[in-house]
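Enquirer: got a predicted structure here, sequence first:
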Amino acid sequence: MSLPSNLIDFLVSQAHGVKGLSDLGVEAVPDQYIQSLEHRFDNGKVVSHESIPVIDLANWEDPDVTESIFNAAIKWGFFQIVNHGIPLKVIEDLKASVHRFFELPADEKKHIKENSPSDVVRLATSFSPHAESVLEWKDYLHLVYASEEKIQAYWPAICKEQSLEYMKHAEVLIRRLLNVLLKGLNVKEMDNEREHALMGAMILDFNYYPPCPNAEAVAGVGPHSDISSITVLLQDDNGGLYVRASDGDNWIFVPPVDGALVINIGDVLQIMSNDRYKSIEHQAVVNRAKTRISIPIFVNPAPDAIIGPLPEVLEEGAEPKYKQVVFSDYFKYFFSKPHDGKETLEFARI
Ligand SMILES: COc1cc(/C=C/C(=O)SCCNC(=O)CCNC(=O)[C@H](O)C(C)(C)COP(=O)(O)OP(=O)(O)OC[C@H]2O[C@@H](n3cnc4c(N)ncnc43)[C@H](O)[C@@H]2OP(=O)(O)O)ccc1O
Ligand SMILES: O=C(O)CCC(=O)C(=O)O
Ligand SMILES: [Fe+2]
């Protein structure tokens, strides 16, 4: 099979994405996907003496549980949770609907893409293709958790019900997690203003990584930290997520755990906590044989929210490490460049 002559037209305008390339059965991916040797994922840098904690949330009231969440947010910036209250059936139905969506014929996906406002639904490939010199081997669908009216009008029918059911359960969990994390910063409760700044906009994202003939030379998602307050990630059982180890050089594999969700602190909570909580760099690799999916919820501030260190964390005279930034300026900066580790945080640093 030969490669399409106009790659961007094939990927973006015709909405084939990398799934379309993978389905062609090509022996090698286009050069645009090949990472330089220096940027490739190095298996030799995966360490097994560290792992991110798995926290059982069966008893939220237990002070040990709260303590484990604080410690994980401070030390690792990442943890997995089990017994989180989202029924297994809701999770399995959602995963199945992600596969169904990406398996739609390209012309149906093109129709969805062209008839959806980008503030509700966005189907795309790679990360920010106009800003990247090397593309990422990933297609994605952003579903913005907007008003019920917009959701009913625009979320694709093939995954609408399953996505909405998942989000309704996840919202309860997210509120509880944020309340616990705020307590660790001496904030008594999440009032309306804090809610706007922590969870004023939520995006359910479907990441789709089809099999890749040059899996070792491409990136699924390159090293980055999330711009969210927190991210709630559901991964399938294929594995592919790696988190920066505490030495800042090596990587830790995040093993799929049945029914678990991966929680990570994003840049917004690192900024609001004045570096107490850590937004840790991570990346996703792809494989030769299988399609992997992952489903993050980016729990974001509303675009007009102003983000900066919380007064409560500065109470004892700590110097603020970040200035006040409007969240929409922050994420526009994020999307204006390729994934680049923790670089986005510098935008807000004093
Ligand atoms: C993708 O891999 C990721 C993603 C992430 C984290 C993702 C997020 O958290 S997205 C947060 C942004 N919020 C939303 O997407 C909400 C829905 N969108 C909107 O309401 C609007 O798009 C807007 C955010 C208010 C911006 O509106 P407007 O000022 O009219 O500008 P646009 O034309 O929409 O966008 C301009 C330009 O910015 C880039 N961009 C903006 N939002 C996104 C997005 N959600 N996904 C991808 N790109 C976005 C994009 O370059 C736009 O240019 P176009 O080429 O699309 O014209 C974390 C880690 C990952 O690996
Ligand atoms: O696919 C994964 O496991 C992680 C994806 C990710 O980091 C992201 O979408 O921000
Ligand atoms: Fe991420």
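Expert: Right, received. Where do you want to start? Ligands and ions are numbered 1, 2, ... in the order given.
Enquirer: helix/strand/coil for the nearest residue to Leu182 once chain neighbours are set aside?
Expert: Counting by CB to CB, 6 or more residues apart in numbering, Leu182 lies nearest to Met190, which is 5.9 Å off, once chain neighbours are set aside. From N, CA and C alone the C-beta is placed, and that goes for glycine too. Three-state assignment for Met190 (DSSP: H, G, I helix; E, B strand; the rest coil): coil.
Enquirer: verify the stated contact: Met190 with Arg175.
Expert: Yes - applying CB atoms under 8 Å, one finds Met190 in contact with Arg175, separated by 7.4 Å.
Enquirer: what's the burial count for Glu165?
Expert: Glu165 is flanked by 17 other residues according to other CB atoms under 10 Å.
Enquirer: roughly how far apart are Gly171 and ligand 1?
Expert: That one is not Gly; residue 171 is Glu. If you measure Glu171 against ligand 1 using CB to the nearest ligand atom, to the nearest Å, the figure is 16 Å.
Enquirer: ok, the one helix or strand in the chain whose mean pLDDT sits lowest near ligand 1 or not?
Expert: Least confident helix or strand, the chain: helix 7-8 with a mean of 92, by mean pLDDT, DSSP states H and E. No - using CB under 6 Å from any ligand atom, helix 7-8 stays clear of ligand 1, coming no nearer than 11.7 Å.
Enquirer: show me the contacts for the closest residue to His224 other than its chain neighbours.
Expert: In space, and not counting its chain neighbours, His224 is closest to His339: 4.0 Å by CB to CB, 6+ apart. By CB atoms under 8 Å, 6 or more residues apart in numbering, His339 lies in contact with Phe127, Glu136, Ala219, Val221, Gly222, Pro223, His224, Gln283.
Enquirer: tell me the SS of His339?
Expert: coil.
Enquirer: surely Ala72 is within a helix?
Expert: Yes - remark: Ala72 belongs to a helix, assigned using three-state DSSP.
Enquirer: coming back round to it: burial of the residue nearest to Leu182, as a residue count?
Expert: If we define neighbours as other CB under 10 Å, then Met190 has 18 of them.
Enquirer: likewise for Phe298?
Expert: By the criterion of other CB under 10 Å, Phe298 has 22 neighbours.
Enquirer: cool, and Ala215?
Expert: 18.
Enquirer: do I have it right that it meets Lys290?
Expert: No - the criterion here is CB under 8 Å, and Ala215 misses it with Lys290 at 10.1 Å.
Enquirer: what residues of the longest helix seen in the chain count as buried?
Expert: As assigned by DSSP state H, the longest helix anywhere in the chain is helix 157-183. Residues of helix 157-183 classed as buried by neighbour count (16 or more other CB atoms under 10 Å): 158-159, 162-167, 169-170, 173-174, 177-182.
Enquirer: who in the stretch 251-350 of the chain is up against ligand 1?
Expert: Near ligand 1, when you scan the stretch 251-350 of the chain using CB under 6 Å from any ligand atom, you find Phe298, Asn300, Pro303, Phe331, Lys332, Phe335.
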